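Chemist: Sharing a sequence plus its predicted fold:
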Amino acid sequence: MSDQSIVPIDQILPNKLPLVALMGRPIFPGIFTPIMIGNPVDVKVVDDAVAGDALVGLVMLLNETDTPAIGDLYKVGTVAKIVKKINLPDGGVNIFISTLKRFRVKKTLHPVNPIVAAVEYLEEEEDETSEVKALTRALISEMKQISENNPLFSEEMRLNMINIDHPGKIADFIASILNIDKAEQQKILEILNVRKRMEQVLVFIKKEQELLRIQKKIQKEINEKIEKSQRDYFLKEELKAIKGELGMTTDAKSSDYQRFKEKMESFKFEGEIKESVEQELEKFNLMEPNSAEFIVTRNYLDMIAGLPWKDPEPEVFDLKNAQAILESEHYGLKDVKGRIMEYLAVRKLRKDTKGSIICLVGPPGVGKTSVGKSIARAMGKQFFRFSVGGMRDEAEIKGHRRTYIGAMPGKIIQGLKVVKARDPVFMIDEIDKMGASFQGDPASALLEVLDPEQNFAFRDHYLDLPFDISHVFFIVTANTLDTIPPPLLDRMEIIQLPGYIDAEKLEIARRYLVPKSLEKNGLKKNQVKYTKDSLLHIAGAYAREAGVRNFEKNLDKIHRKLAKQIVESEEAPASATAAALPPAKPAVPAAKEAAAQAAPPAAKPAAKQPLMQFTIDKKLIEKHLGKPIFPEGDIKRADRPGMSVGLAWTSMGGDTLVIEATSLPGKEGLTLTGKMGDTMKESAAIAMTVARKLAVERYHVAQDWFDLNHIHLHIPEGATPKDGPSAGITMATALLSLLREKIITDKLVMTGELSLTGQVLPIGGLKEKTIAAQRNKARHIIMPKQNGRDLDDIPDYVKKGIEFHPVERFEEVLALALPD
């Protein structure tokens, strides 16, 4: 700000001045401005000046330093009059100065602390030409443009610039307010020629204008980029304010937070769970919705809020109703239903909702999954099923840790969130087909899940909070127990579901499979009728497996063909009627009336076709299903010497096994074929030893016969692996049949392991083997005497028509199979 009224122009200036070093920019003559002095040496200089003539010299530092000397200063500076001094609390002073004139340091009188120098005052080189006037107008005009676009220029500064009448002072004033380097300002201070000084200042004004132009361009580009986001932001803020006035939720985050908080408070958590949940809620509330962790935390809280944390209600179910549900949905399975009813009775008597673990074991298609659904329906509970077949990662059971991208809870926690109940029925299918890999062993992870002593505080890796799953009723299914780890098997109650005989399949088809298949294929119940023989024919010739899955597939195949036949017959009359009608001729205008009279009467709508009905017999079955897969004569029988029929158990149910033996002249020895396992090969070796001993000692076969003949033992269907310790007596019987050249008793099958001393050892799966014998039309079964207790577990309708022969020694087997 210029001020010429405070200090007279004709004031006599001293030739000796105390100098104050300026750290920032130089100060031009004709300026009234405050300066803050903090250096103690400079403060003393100011105090001494105020006590005297109040004049000091202001010179800019060449190089910034804490203890400046005369050599650190520029040679040209400005003399200033101290108008007012204000002492500051930190020891410094704030002075208001009015700068008067340029000077040059002529001689050093005191180089440091304080700096005193002899100076000479510099006069401006005046130039009154029209060029200077033009420069003056140009400076003022250009500065007006800059000041109008720069909010830092106050109105007072603009007025001062107009009111200054001296060209040199105008240049000085503009140079002092331009944003240029301090070294450049020092150069302008040292220019004495007014015209040159004004030209230099005009150059800097042009540079400033160029900078402003570039700044405007950049600002415009930035504004265009953020305009949409700013608009969206303001609109969102307005929407938030409107929602606030209406009492509505202002944003999604607040809504989620409030919902989570209310849900968590309703659960009334305690201890570790309460502390962890409150921490997560607080963290969620402080997060920005755009942060990467926001969605992770939100999903975690959503999972906690969706779980059933409240204690389950007491169980209320009626045993009679449960029995009725099981009877209405499943035929047979008397033993299975009885075991389930006993289980439910104990739960009701104890009034205990603690979960239980039942393992349903049986061949495919016998109804394990449907039995589980019926149990849930009988108890009035939610049902959730998942399969662990082929599972190799324990995280599928116990969840992923939240540090992983895309982490999810395990199947147990997911299921509880789906059913919204703490005491559902969970079915874990195919538990015998789990694997293990570098990612862990899911069977080991299930140990905690299926243990009532541990699962009251089950800790999923994702949830990382103790959750009580002891109220869950677990039902697991398997085709075989051999591949289930013993520690896991020990935690379960085993219930066997054997296969079905033809009579059972007949009733199952009548009650369940046929109505279900008809509905699935769009047929009416009264359109298709099956005879008893036709259903038995499907069971015996096309679906001889233990379950009824293939039976249902064959019914579906028949019904699809019938549906096609019905649709084709319905479409045929319509197309025939359309073809019979003559093409319409357009009537000419002159003969409209005649055409109307000659036109034939309108065709009446066709009568509704009556429902097509079918009676399915053997002939129609073979037409739709093709030739039988298992012909009626395809019964495994021993019809020549060296053959016997045994019974085997597989994961698909019981089956019959033919053993064939033959001899060839040659070197002594025994060849085994038919893809036998190690256990069966050992049984064959034992059978050979026992048979050879009995042949020589009891049936007087010459010893040298074995030296001159090679024996070959074979089990047909060589591509199918076979193993197990229950074919010993069958192989020994086949060998003695060969040696005695005698055919065994017709319709006789056998099962049992053999020891070297001739003892018949017990076996497993007698029920399934009996069903297989029924399918093979057998009438006699030789079995180990120690398995006599298992006969009580076989229903009478399965044993019907079969005579059981318990034996202890192999001699008893021979008496039945190869009587003397």
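Modeler: Perfect, thanks for sending it. Everything quoted here is computed from the prediction, not taken from an experiment.
Chemist: tell me which residues in the longest strand along the chain are buried?
Modeler: When the chain is parsed with DSSP state E, its longest strand is strand 93-110. Neighbour counts using 16 or more other Cβ atoms under 10 Å place 93, 95-105, 109 of strand 93-110 among the buried residues. (C-beta placed from N, C-alpha, C; glycine too.)
Chemist: measure the nearest residue to Lys747 once chain neighbours are set aside to Ile802 for me?
Modeler: Take Lys747 and drop its neighbours on the chain: the residue closest to it by Cβ to Cβ, 6 or more residues apart in numbering is Arg779, 4.3 Å away. According to Cβ to Cβ, to the nearest Å, Arg779 and Ile802 sit 6 Å apart.
Chemist: Same question for Tyr542.
Modeler: 24 Å.
Chemist: So for those two, which residue has more residues nearby?
Modeler: Tyr542 (21 against 16; other Cβ atoms under 10 Å).
Chemist: any idea how far Ser534 is from the more buried one?
Modeler: For Tyr542, the distance to Ser534 equals 11 Å [Cβ to Cβ].
Chemist: shared neighbours of these two, which are they?
Modeler: Common contacts of Tyr542 and Ser534 (Cβ atoms under 8 Å, 6 or more residues apart in numbering): Ile621.
Chemist: ok, Gln759 - how many residues close by?
Modeler: For Gln759, using other Cβ under 10 Å, the count is 16.
Chemist: Need the pLDDT of it.
Modeler: Listed pLDDT for Gln759 reads 93.
Chemist: So it sits against Arg809, correct?
Modeler: Yes - when contacts are counted by Cβ atoms under 8 Å, Gln759 is listed as touching Arg809 (6.4 Å).
Chemist: tally of neighbours for the residue nearest to Lys747?
Modeler: The number of residues near Arg779, taken as other Cβ under 10 Å, comes to 14.
Chemist: do Thr679 as well
Modeler: Neighbour tally, Thr679, other Cβ under 10 Å: 15.
Chemist: How about the one 10 residues further on?
Modeler: As a burial measure, Thr689 scores 14 neighbours (other Cβ under 10 Å).
Chemist: Gly661 should be in a strand, yeah?
Modeler: Careful, residue 661 is Ala and not Gly. Yes - assessed with DSSP: H, G, I helix; E, B strand; the rest coil, Ala661 lies in a strand.
Chemist: I'd assumed Ile711 was in contact with it.
Modeler: Yes - with contact defined as Cβ under 8 Å, Ala661 reaches Ile711; the gap is 6.5 Å.
Chemist: okay, and the common contacts of those two?
Modeler: Shared contacts of Ala661 and Ile711, defined by Cβ under 8 Å, 6+ apart, comprise Leu735, Leu738.
Chemist: what's downstream of the one helix or strand Ala241 maps to, the next helix or strand?
Modeler: Here Ala241, judged by DSSP states H and E, is contained in helix 194-246. Using DSSP H and E, the next helix or strand after helix 194-246 towards the C-terminus is helix 252-267.
Chemist: What is the neighbour count of Met500?
Modeler: Careful, residue 500 is Tyr and not Met. Per other Cβ under 10 Å, the neighbour tally for Tyr500 reads 29.
Chemist: what's the answer for Thr297, then?
Modeler: Using other Cβ under 10 Å, the number of residues around Thr297 comes to 18.
Chemist: Equivalent analysis for the one 4 residues further on, please.
Modeler: If you count neighbours by other Cβ under 10 Å, Leu301 ends up with 22.
Chemist: again with the one 4 residues further on
Modeler: Neighbour count for Ala305, taken as other Cβ under 10 Å: 19.
Chemist: same thing with the one 5 residues further on?
Modeler: Neighbour count of Lys310, defined by other Cβ under 10 Å: 11.
Chemist: Now for it: which residues touch it?
Modeler: Phe267, Arg422.
Chemist: now the buried residues of strand 93-110 as a markdown table including distance to Lys520?
Modeler: Output for those, formatted as a markdown table (distance: Cβ to Cβ, whole Å):
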| residue | distance to Lys520 |
| --- | --- |
| Val93 | 102 |
| Ile95 | 103 |
| Phe96 | 102 |
| Ile97 | 104 |
| Ser98 | 106 |
| Thr99 | 104 |
| Leu100 | 110 |
| Lys101 | 111 |
| Arg102 | 108 |
| Phe103 | 111 |
| Arg104 | 112 |
| Val105 | 111 |
| Leu109 | 117 |
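Chemist: Many thanks, I have nothing further to ask.
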